[in-house]
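S.K.: Following is a predicted model, sequence given first.
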Amino acid sequence: MEQLKYPVGKFERPEGYSADELTRWIAELQALPSWMDALVENLDAHQLETPYRPGGWTVQQVVHHVADSHMNAYVRLKLALTEIEPVIKPYKEALWAELADSKTEPVNVSITLLHAMHRRWVAVLKSLGSDDWQRCYYHPDHKRLVPLWEMTALYAWHCRHHSEHIRQLRIRNNW
């Protein structure tokens, strides 16, 4: 069950970062919308309503969750770049996944959003100077400051994490 829940492993917070790692993380963020396009291509309504694991979200909910999560991350990035250590607003992702839009709206709505938002997100990330990567936001649930380089690593992992949920489901079901 752990392999189904964390197919790429749990996020491990890096101790630091290199220019090569930043480039890789940004590339993964840039690629995510195209990954999602390919992962849901030709899936029918039944397949989109299939959970990626027992007790897990459906493919549809996963796609909408990624859009929700990445919208929050993009706003957090912009807050951290325009304010001094802003306190971010956590959200209850499991409850968001149960709202009507996550359960009934077509996945292409969120994938279109991901294409536009990731283009802007990546543009901002590519513009950052070395000092900018140290800028932080305060996460009240974790009770600590989160630097932008760490946030970028986390969301690159998040791209791989949820993409792999869908990819492995397709393999298991021979879709």
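M.R.: Done, it's in.

S.K.: Residue ranges in the chain under the pLDDT threshold?
M.R.: Counting by pLDDT under 70, the chain contains no low-confidence segment.

S.K.: What distance do you get for the residue located most distally from the centre of the chain to residue 127?
M.R.: Most distant residue from the mean C-alpha position of the chain: residue 174, 25.3 Å away (Cα atoms, centre = their mean). Applying Cβ to Cβ, to the nearest Å, the value for residue 174 to residue 127 is 43 Å. C-beta: built from backbone N, CA, C; applies to glycine.

S.K.: Double-check residue 101 against residue 64; I have them as touching.
M.R.: Yes: if you go by Cβ atoms under 8 Å, residue 101 and residue 64 touch, sitting 6.6 Å apart.

S.K.: name the element residue 146 belongs to?
M.R.: Using DSSP states H and E, residue 146 sits in strand 144-147.

S.K.: contacting residues for residue 30?
M.R.: Counting by Cβ atoms under 8 Å, 6 or more residues apart in numbering, residue 30 makes contact with 118, 122.

S.K.: Show me where the protein has its helices.
M.R.: Using DSSP state H, the helices found in the chain span residues 2-5, 19-40, 45-48, 59-82, 93-96, 100-104, 107-127, 148-172.

S.K.: Burial check on the nearest residue to residue 39 once chain neighbours are set aside, number of neighbours?
M.R.: Spatial nearest neighbour of residue 39, excluding adjacent residues (Cβ to Cβ, 6 or more residues apart in numbering): residue 166 at 4.4 Å. Each residue near residue 166 was counted by other Cβ atoms under 10 Å, and the total is 25.

S.K.: For residue 20, see how far away residue 127 is.
M.R.: Distance, residue 127 to residue 20, by Cβ to Cβ: 18 Å.

S.K.: Isn't residue 52 up against residue 171?
M.R.: No: judged on Cβ under 8 Å, residue 52 makes no contact with residue 171 at a distance of 11.3 Å.

S.K.: These two - which one has more neighbours?
M.R.: residue 52 (22 against 9).

S.K.: Could you tell me how far the more buried one is located from residue 17?
M.R.: According to Cβ to Cβ, residue 52 stands 30 Å off from residue 17.

S.K.: Please apply the same query to residue 76.
M.R.: Taken as Cβ to Cβ, the span from residue 76 to residue 17 is 18 Å.
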